[in-house]
Each structure stands twice: as structure tokens, then as C-alpha cells.
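Asker: Provided below are the primary sequence and the corresponding predicted coordinates.
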Amino acid sequence: MSAPTPAKARGSKSELPIHRACALFPDMPTDEYKELVADIKANGCHVPVVLYDGVILDGRHRWKACAELKIDCPTVNWKPKKGQSPTEYAVALNMHRRHLSAGQRAAIRADAIPLIRAEKAKVSNETSGDTLTAAAKSAGVSRATMARADKRRREDPEAHEAAKRGEKPKKSSGPPPARKPKPKPVLDGLGFEAKHPKLREAIESAGELRQLVIDIIKCRTRVRNFCKAGSEATRCVHHQTVDTDLKNAFIHLKFAMPFTICGYCGGQKRGCKACDGSGWVTEKIFKMTPRDMQAAVKRKLAEQSGSKAE
């Protein structure tokens, strides 16, 4: 960063435009500005105002105070080296000079990002420009804080301006966001929560199988009603045979439903022949399991759920 070149003192009665980088920072509080005016009146202005191409790059409050006091304000001209950005220079001067919170520094530095990128691209054809990492370092904040400030600048200008003033974000006046309902526990055939991963997966994916069972029940009812109607079309329908076939299909599918963890291995052994290593069994197999093993399964499930086994 090149040092400013001294320039001839100019009468502060003339008005000079303010560089957009200088305007990134909020105005000095009234009480601090009054102290600055009083100090310059008593001791004079010893810190020159930095100019760049005829605009104020740094020191707009000193310039204003000198204008009010009708005294000359010393100035210096800043000349950048190759690839330097005036906005980057102004931000570096003021970022830690002011009493700014971390949120204010991040918000102001976020405003400077597109300016620095445009200036660097203009003088050096640099396409990458200012990065979030570099911005965070110069603002003295984390990269995550810098990223949030840059996102707020782009998506919520009102909140961004409030952050620059040091104000806390206002709570939304609208209704609070709806809470996501807690997922219902997946229960096994014994009424306990299915915590075994393979059993839970099997029960969750058995929806179509349940629907098939329901459809067969409805189909049996429709066949019975159709045959009871006694129409000519029922003459060649063997009602009992059809009903028996549907009943067998119902039993087969119903007893193929995942029921609970295996009583033989407790859902732990991969080589278990009763559950084929899946860790869960159907209702038919569970009922064929010795009673002491059934009781052991119920106790285990009861302990996991924190309830008492019946």
C-alpha cells in the first residue's frame, strides 16, 4: 500500500465529493463529532484529509469540521501502486480506527467486496478480486461471519443496513415458523419401538405388503357378495375354491410381515438360521419360538423402551 503524497493545503470552504469507500462507514456520533470540532478549534487539524482524484478518500469529518470553523484543512493525495484498490486502502484505514462491533465490521467489509473486485479488475484485469477469506482477515472476523454478512447484504438489504448501524436484527412480526412434527415411532408387532435398524427398515418398507393384505380382504368380501347375488354369471364360479385361494394368499402375506426381533439370536447373529441373519422374524416364526426366548425378547425390548414387560 503506497503512502499518500503531501498536497498543498486547500481552503475547506470549498466542497469536495466523498469517495464511495469513505461513505461505507457510518457517520461519527454527534458527541464525538462535537469533541472533534472542539479539538480542531483549540489545536488545529494535524491529520490531513486523504484525497484521490479530487474526492475525499479518508477524513470527511475532519473536512466538515474545518469547513464549519472556516479554517484551512491540510490534504494529501493518495497515489496507488499497480493493482492497488482505493476502497481497500480506505477500509484498512478506518476499519479498526472506529469503535465498531464485529457485526458492523463484517457488514461494512461486505459492502466493500464488490467495489474492491471492480476496482482491481479495472486496473489489473484480476478476475478473482477480493475473497471472503481476505475480507474476513481485514475485518478481524471469522470467514463464517463474513460469509453471513455478505449473504445478508445480497438477500436482506434492510437487515444489512441495520447491522452496519450496530443494531440487532429485528424479530419477524409474522407468525413463528411452524415446527416440524416429531416423526412417529415405528412400532413392531409387540407394540415396542423398533430400534433394531434392519427391523425398522423392514417395517417402514412393508407398506405395500400391508396394502396387498388389505386388498385381498376386500377382494374376498367382493367375491362373496358377488356369488350371493346369484346371477347367471356366477354359475361357473367355484366360490369356495376362490375364497380358499384368497385366504391362503392372505395368510401367506400376513405372516410374511416383519414382526419383531429374532428370539433365537436377539437380532445379533449374522449366521442365525431362524432370521437368515436379518435380525428380525415374522409373527409365525416368533410364535414358533420357545416361550423363554419370547419372554427374553419382550424383556429386552421393554428395557430399551423403559417400560415394564407384561
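Answerer: Cool, the structure landed.

Asker: contacting residues for residue 98?
Answerer: By Cβ atoms under 8 Å, 6 or more residues apart in numbering, the contact set of residue 98 is residue 25. C-beta coordinates here come from the backbone N, C-alpha and C atoms, glycine included.

Asker: any weak-confidence spans in the stretch 51-200 of the chain?
Answerer: Applying pLDDT under 70 to the stretch 51-200 of the chain picks out residues 123-129, 169-177.

Asker: where do the strands of it begin and end?
Answerer: Ranges of strands in the stretch 51-200 of the chain, per DSSP state E, counting those that start in this stretch, are 55-58, 75-77.

Asker: helices of the stretch 101-250 of the chain, start to end?
Answerer: Using DSSP state H, counting those that start in this stretch, the helices of the stretch 101-250 of the chain run over residues 102-124, 132-139, 143-155, 157-164, 197-204, 207-228, 239-254.

Asker: dump those to a markdown table, plus mean neighbour count and distance to residue 284.
Answerer: Below are the helices of the stretch 101-250 of the chain laid out as a markdown table (neighbours: other Cβ atoms under 10 Å; distance: least, Cβ to Cβ, whole Å):
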| stretch | mean neighbour count | distance to residue 284 |
| --- | --- | --- |
| helix 102-124 | 20 | 65 |
| helix 132-139 | 18 | 61 |
| helix 143-155 | 17 | 56 |
| helix 157-164 | 16 | 62 |
| helix 197-204 | 17 | 15 |
| helix 207-228 | 13 | 14 |
| helix 239-254 | 14 | 9 |
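
Asker: export these to TSV and append columns for distance to residue 71.
Answerer: Putting the helices of the stretch 101-250 of the chain into TSV (distance: least, Cβ to Cβ, whole Å) gives the following:
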stretch	distance to residue 71
helix 102-124	30
helix 132-139	34
helix 143-155	38
helix 157-164	31
helix 197-204	80
helix 207-228	85
helix 239-254	97
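
Asker: pick the most buried one from the strands of the stretch 51-200 of the chain.
Answerer: Comparing those by mean neighbour count (mean count of other Cβ atoms under 10 Å), strand 55-58 ranks first with a mean of 23.

Asker: against which helices or strands is that one packed?
Answerer: Packing partners of strand 55-58 (3 or more Cβ pairs under 8 Å, 6 or more residues apart in numbering; DSSP states H and E): strand 49-52, helix 86-94.

Asker: can you list contacts of the last one?
Answerer: It refers to helix 86-94. 1, 19-22, 24-25, 50, 52, 57-58, 78, 80, 108-109, 112, 115-116, 119, 130, 138.

Asker: relative to residue 199, how far out is the most centrally placed residue in the chain?
Answerer: Taking Cα atoms, centre = their mean, the centroid of the chain lies closest to residue 148, which sits 10.3 Å from it. Separation of residue 148 from residue 199 (Cβ to Cβ, to the nearest Å): 42 Å.

Asker: that older thread, of all the strands of the stretch 51-200 of the chain, which one is nearest residue 189?
Answerer: Comparison of the strands of the stretch 51-200 of the chain against residue 189 by Cβ to Cβ identifies strand 55-58 as nearest, at 76.4 Å.
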